[in-house]
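# sharing a sequence plus its predicted fold:
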Amino acid sequence: MTKKISLALSLFLSMFLFACGQEHQEAKNWLEKFKNAGEATVILNNEKTILPLKKLESKTIASINLGFKDHGVFDSILNKYAKVDTFPLATNYNSLTEDLKFYNTIIIELTDSTTFDDETSFFINQMENTRQVVISYFGDGRNLAKLNNVAAPIVFSPLKNKQAASFSAQVIFGGVQCIGRLPLSFSDKYQRNTGYNIDKIRLEYTVPEDLNINADDLKEIDDIAAEAIKNKATPGMVVFAAKDGKVIFNKAYGAHTYDNDAQKESVNDIFDLASVTKIGATTMEVMHLYETNKLDLDTTISTYLAETRNTDKADIKVRELMLHQAGFIPYIPFYNDIKPDDFSRDSTEIYNVKVADGYFMKKSYFRDVMWKQMLASPLRTRGKYVYSDLSMYFMKEIIENITKTPLQNYVKANFYDPLGMSSTGFNPRYRFKKSRLVPTELDTYFRKTLLWGYVHDQGAAMVGGVAGHAGLFSDASDLAILLQMLLNKGTYGGERYFKESTVDFFTAKYSDVSRRGLGFDRYDKDSKYGYPSKRASPQTFGHTGYTGTCVWIDPKENLVYVFLSNRVYPEVNNRLSTLNIRPRIQDVIYKAIEKSKE
């Protein structure tokens with residue numbers, strides 16, 4: 001059976017190309033070659049507008065290499081846009097066909113050296129007859145005539161280098177624009193001036209120099225990251241920035257832990273986002289239900305939750321929950337009340353809520369204990385701003401009662417899958433290898449184990465890893481897709497997810513007593529240091545996470561900033577904040593942008 005291409009190689013090449021710690025001249029050289037590749041690339045056979053690929057939620061995609069030497073770069077970039085399983089050079093088409101039986105979209109990489117015998121032609125025709133096929137052909141064009149009978153779209157690049165690999169992969173998903181035409185005729189079908197235009201509809205992966213930003217002006221980020229790791233503010237981190245729809249910085253630092261032999265951080269590592277869940281999942285669903293008139297922000301929560309009708313929470317409005325002005329206490333330490341018969345070390349019909357390896361809660365514990373505690377919790381400061389996780393526990397109950405669908409399923413079907421966000425979701429231990437997941441705390445007081453792929457937040461863990469306030473995991477590139485959609489006022493990948501007015505409504509400042517938007521955190525003009533950054537504009541919105549994460553969107557600069565870390569390893573400390581690591585790195589990005597305008 002054909003083996004999948006080494007993920008380690010793919011990740012290494014991705015980091016090599018786009019880490020942005022490279023020298024200014026190297027970046028300029030790379031950009032020149034990338035632009036040359038873009039000008040030379042031609043899209044053929046796209047009369048049915050199959051490219052750029054859309055409706056990603058319906059696609060299972062495989063990439064097949066038939067001889068391209070830079071397939072590692074090509075496949076790595078493909079995976080920035082969707083989950084694409086990659087296969088190396090095929091030697092047995094029968095075995096390969098068996099491997100591909102569960103894929104409905106096949107991307108085939110060809111070169112001039114590809115052997116176009118009857119077996120190869122039969123394989124391509126067989127794929128075309130049963131699946132959607134895209135051919136990426138690298139070479140001087142001598143084999144184009146052998147593709148006369150192919151109806152599938154062809155991405156033709158006369159260049160065969162890493163930059164051509166990157167451009168061709170990006171154009172398949174609309175990360176870049178392509179307007180090239182054939183410079184000469186190759187066959188009766190592929191005539192001179194033949195070609196189709198492709199519009200840019202998704203994030204582009206490039207270098208800072210593409211926006212006249214000097215890569216050297218971003219090197220201070222390396223120093224700040226080293227400072228954080230040296231002071232044990234966090235063992236590792238990933239920093240990501242995209243401006244004007246172009247990814248200009250995507251770099252990993254440090255390692256998963258402080259151990260000498262610890263796994264090095266990768267830009268593709270998946271982190272516990274903590275409270276970024278509030279906007280990355282819960283608020284997305286709230287916005288969708290609001291826009292479709294299924295949720296009224298000015299209706300009392302008792303309208304949606306019958307259990308609240310005979311409590312002091314009956315007349316709280318949904319809007320108050322979203323603004324953290326409902327009067328809830330900040331949190332309840334639920335794990336303090338666990339009794340020996342509330343959990344088991346083995347999974348059974350009664351104990352089936354997995355909290356960590358070897359730890360299972362009663363399936364009825366949330367309703368019997370936690371929910372009752374929340375309903376009975378005191379209201380103390382209604383109308384004032386008190387940041388409370390309880391608000392998002394209640395929001396999750398409200399939206400699930402409306403949709404009759406679990407939160408994790410709703411956001412996956414309506415956002416993550418259509419957007420191509422293959423790493424984002426809850427409970428990642430069920431979907432990914434541990435090596436791609438970044439561990440958080442060595443829990444010595446509750447679960448008595450290293451938390452690795454299980455949500456750090458105790459309350460979220462006790463309800464099975466899915467809560468309104470915590471539980472979401474993602475890598476930086478994946479998360480940036482969602483943020484770019486918001487920055488685009490609700491559109492991405494040629495699809496509209498929200499009306500522009502909905503995004504403006506939820507992300508604006510609405511509270512008279514705090515900086516908050518509806519679900520979103522915002523710029524704070526009264527912050528001593530500058531929140532989220534000294535140079536951020538008052539339009540900035542996003543959120544932070546307890547595990548050492550943050551996401552910020554600045555419409556003024558058309559900027560997306562993502563910072564992911566596991567600062568709670570091996571135990572909770574506050575050095576990431578006291579050293580101002582996240583805002584200082586954000587400041588460096590702003591300074592580089594400002595300098596580029598001089």
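That came through, no problem.
# so who does Met421 touch?
By Cβ atoms under 8 Å, 6 or more residues apart in numbering, the contact set of Met421 is 415, 474, 478-479, 481-482. Quick note: C-beta positions are derived from backbone N, CA and C, even for glycine.
# tell me which element the residue most central in space within the chain is part of?
For the chain, the residue nearest the mean C-alpha position is Asp478 (1.8 Å; Cα atoms, centre = their mean). If you go by DSSP states H and E, Asp478 is part of helix 476-487.
# starting at the chain centroid, how far to that helix?
Distance of helix 476-487 from its chain centroid, counting by Cα atoms, centre = their mean, to the nearest Å, is 6 Å.
# so which other helices or strands are in contact with it?
Under the contact definition 3 or more Cβ pairs under 8 Å, 6 or more residues apart in numbering; DSSP states H and E, helix 476-487 sits against strand 236-243, strand 246-254, helix 417-419, strand 491-492, strand 549-554, strand 559-565.
# let me know the angle separating that helix from strand 236-243.
Counting by axes from the mean of the first three to the mean of the last three Cα atoms, to 10 degrees, helix 476-487 lies at 30 degrees to strand 236-243.
# what are the contacting residues of helix 476-487?
Everything outside helix 476-487 that qualifies as a contact, by Cβ under 8 Å, 6+ apart, is 80, 202-203, 238-240, 242, 245, 247, 250, 267-268, 273, 276, 280, 284, 415-416, 419-424, 491-492, 497, 503, 507, 542, 551, 553, 555, 558, 560, 562, 564.
# now distance to Lys59, mean neighbour count and mean pLDDT too, for the helices and strands packed on helix 476-487, in JSON lines please.
Below are these laid out as JSON lines (distance: least, Cβ to Cβ, whole Å; neighbours: other Cβ atoms under 10 Å; pLDDT from 0 to 100):
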{"stretch": "strand 236-243", "distance to Lys59": "24", "mean neighbour count": "27", "mean pLDDT": "98"}
{"stretch": "strand 246-254", "distance to Lys59": "22", "mean neighbour count": "23", "mean pLDDT": "98"}
{"stretch": "helix 417-419", "distance to Lys59": "9", "mean neighbour count": "21", "mean pLDDT": "98"}
{"stretch": "strand 491-492", "distance to Lys59": "16", "mean neighbour count": "20", "mean pLDDT": "98"}
{"stretch": "strand 549-554", "distance to Lys59": "26", "mean neighbour count": "27", "mean pLDDT": "98"}
{"stretch": "strand 559-565", "distance to Lys59": "25", "mean neighbour count": "27", "mean pLDDT": "98"}
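# redo these as JSON lines? Include distance to Gly174.
Below are the helices and strands packed on helix 476-487 laid out as JSON lines (distance: least, Cβ to Cβ, whole Å):
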{"stretch": "strand 236-243", "distance to Gly174": "15"}
{"stretch": "strand 246-254", "distance to Gly174": "13"}
{"stretch": "helix 417-419", "distance to Gly174": "13"}
{"stretch": "strand 491-492", "distance to Gly174": "10"}
{"stretch": "strand 549-554", "distance to Gly174": "21"}
{"stretch": "strand 559-565", "distance to Gly174": "18"}
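# show me the helices in the stretch 301-450 of the chain, by range?
With DSSP state H, counting those that start in this stretch, the ranges of helices along the stretch 301-450 of the chain come out as 318-322, 365, 371-376, 390-403, 407-411, 417-419.
# and of those, who's closest to Thr547?
For Thr547, the closest of those is helix 390-403, at 16.0 Å, according to Cβ to Cβ.
# one step back: any idea which of the helices and strands packed on helix 476-487 gets closest to Tyr365?
Minimum separation from Tyr365 across the helices and strands packed on helix 476-487 (Cβ to Cβ) falls at strand 549-554, 27.6 Å.
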